[in-house]
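Q: have a look; sequence and predicted model below, questions after that.
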Amino acid sequence: MPWTSGAHRAHRSAPEVAAEPATLEARAVSAWFGERKVLDRVSLTMPAGQVTALIGPSGCGKSTFLRTLNRMHELVPGAALAGEVLLEGVDLYDAERRLTDARRQVGMVFQKPNPFPAMSIQENVLAGLHLTGARLDRDAEESLVEESLRRAGLWNEVKDRLRQPGSALSGGQQQRLCIARSLAVKPRVLLMDEPCSALDPTSTRVVEETITQIAEQVTIVIVTHNMQQAHRVSDQCAFFLASHGTPGVIVEHGPTEAMFSEPQDQRTSDYVNGRF
Ligand code: ADP
Ligand code: MG
């Protein structure tokens, strides 16, 4: 399938022009590790500019689902996938679309902050961009570093020490540095796998504020075990469940407010109210 004109423009000029948030749609996504099926025909639309929270008990396939959304699942040896993932209607798994394009448009932030330890704060912000092969002149790089750190809510804390190692920052600052590194590539969607699980409550709230701020410019899909967090940051929730060894499915999804105040399924109600 050819690129849409909008996607093509964002692709060519990604470093200079702010990308617009994109709608991501999973259609009947199933996933396997070897013989074992861990997701069964999961369909979910993650609307442009909204925060979608993926909730559910451990082992129900939330991280696997997230990895199908930027083609990381296919890196796992023996992993297989069926179904479709569409970014603004364009198949992310299209053979013509290179893997790096998919990863550039759909970024990922992990549970444990993982700045590159040998790199300075500034080098960390630019690292993802450099990995895509893009090169900017020095002024453009400096303004991109500032813009990305501002968007991640970290600029004022680090502007006087951009050449110090990223690993010298606190946990919460490191996670915002990782968010800045992702944002520097101008993704249209940002996937976050339990981004606050390794953080203290204060850092967690700061990262949540950052998520809320950037959500207007980038579609966010966040896995969280923290129901208050899901409630605070997300527009819609999807509740995953894999019971008695069956593959993970979405039991219920919808606007966050409704999921918490009037869940339709008893299992959702039990989960969001902390009964399992
Ligand atoms: P969650 O993020 O909801 O805790 P995961 O997506 O990590 O769930 O895991 C879903 C299922 O897939 C689990 O049963 C887990 O053991 C299995 N799984 C996850 N990663 C791998 C892997 N690399 N190889 C084999 N099985 C895996
Ligand atoms: Mg997980």
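A: Received the coordinates, thanks. Numbers count the residues shown, from 1 in each chain. Ligands and ions are numbered 1, 2, ... in the order given.
Q: could you pull out the helices in the stretch 1-150 of the chain for me?
A: Listed in chain order, the helices of the stretch 1-150 of the chain (DSSP state H, counting those that start in this stretch) span 5-12, 62-68, 99-105, 121-131, 138-151.
Q: make CSV from those helices and add mean neighbour count, mean pLDDT and distance to G49 to it.
A: C-beta here means a position set from N, CA and C on the backbone, and glycine is covered the same way. Putting the helices of the stretch 1-150 of the chain into CSV (neighbours: other CB atoms under 10 Å; pLDDT from 0 to 100; distance: least, CB to CB, whole Å) gives the following:
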stretch, mean neighbour count, mean pLDDT, distance to G49
helix 5-12, 14, 36, 15
helix 62-68, 23, 97, 19
helix 99-105, 19, 83, 15
helix 121-131, 21, 94, 22
helix 138-151, 17, 96, 14
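Q: and those helices: which comes nearest ligand 1?
A: Closest of the helices of the stretch 1-150 of the chain to ligand 1 is helix 62-68, at 3.2 Å (criterion: CB to the nearest ligand atom).
Q: and the contacts of the closest one?
A: 26, 29, 31, 38-39, 42, 54-56, 73, 76, 81, 83, 85, 108, 191, 193, 221, 223, 240, 248 (CB atoms under 8 Å, 6 or more residues apart in numbering).
Q: alpha carbons of that helix, as CSV, please.
A: Written as CSV, here are the backbone C-alpha positions of helix 62-68 (Å, rounded to 0.1, in the frame of the first residue of the first chain):
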residue,chain,number,x,y,z
LYS,A,62,-0.4,-6.3,27.8
SER,A,63,3.3,-6.0,27.1
THR,A,64,3.1,-8.4,24.2
PHE,A,65,0.2,-6.4,22.7
LEU,A,66,2.2,-3.2,23.1
ARG,A,67,5.2,-4.8,21.3
THR,A,68,2.9,-5.7,18.4
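Q: spell out which residues of the stretch 51-200 of the chain are next to ligand 1.
A: With the criterion set to CB under 6 Å from any ligand atom, the stretch 51-200 of the chain comes near ligand 1 through S58, G59, C60, G61, K62, S63, T64, V76.
Q: how close does the residue nearest to the first one when sequence neighbours are not counted sit to ligand 1?
A: Excluding the flanking residues, the one nearest S58 by CB to CB, 6 or more residues apart in numbering is H225, at 7.9 Å. Between H225 and ligand 1 the distance, using CB to the nearest ligand atom, to the nearest Å, works out to 9 Å.
Q: next one: R161
A: On the measure of CB to the nearest ligand atom, R161 and ligand 1 end up 35 Å apart.
Q: for that residue, give me its contacts.
A: Residues near R161 by CB under 8 Å, 6+ apart: I121.
Q: what is the burial count for A238?
A: Close neighbours of A238, defined as other CB atoms under 10 Å, add up to 25.
Q: element containing the residue lying closest to it once chain neighbours are set aside?
A: In this structure, A238 finds its nearest non-sequential neighbour in H253, 3.9 Å apart by CB to CB, 6+ apart. Taking DSSP states H and E as the criterion, H253 maps to strand 249-255.
Q: helices or strands up against the helix or strand just after that strand?
A: Next along the chain after strand 249-255, taking DSSP H and E as the criterion, comes helix 256-261. Counting by 3 or more CB pairs under 8 Å, 6 or more residues apart in numbering; DSSP states H and E, the packing neighbours recorded for helix 256-261 are helix 227-233, strand 236-241, helix 266-272.
Q: mind listing what's buried along helix 256-261?
A: T256, M259, F260 (16 or more other CB atoms under 10 Å).
Q: got those as a markdown table, with pLDDT columns?
A: Shown next, in a markdown table, are the buried residues of helix 256-261 (pLDDT from 0 to 100):
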| residue | pLDDT |
| --- | --- |
| T256 | 98 |
| M259 | 96 |
| F260 | 96 |
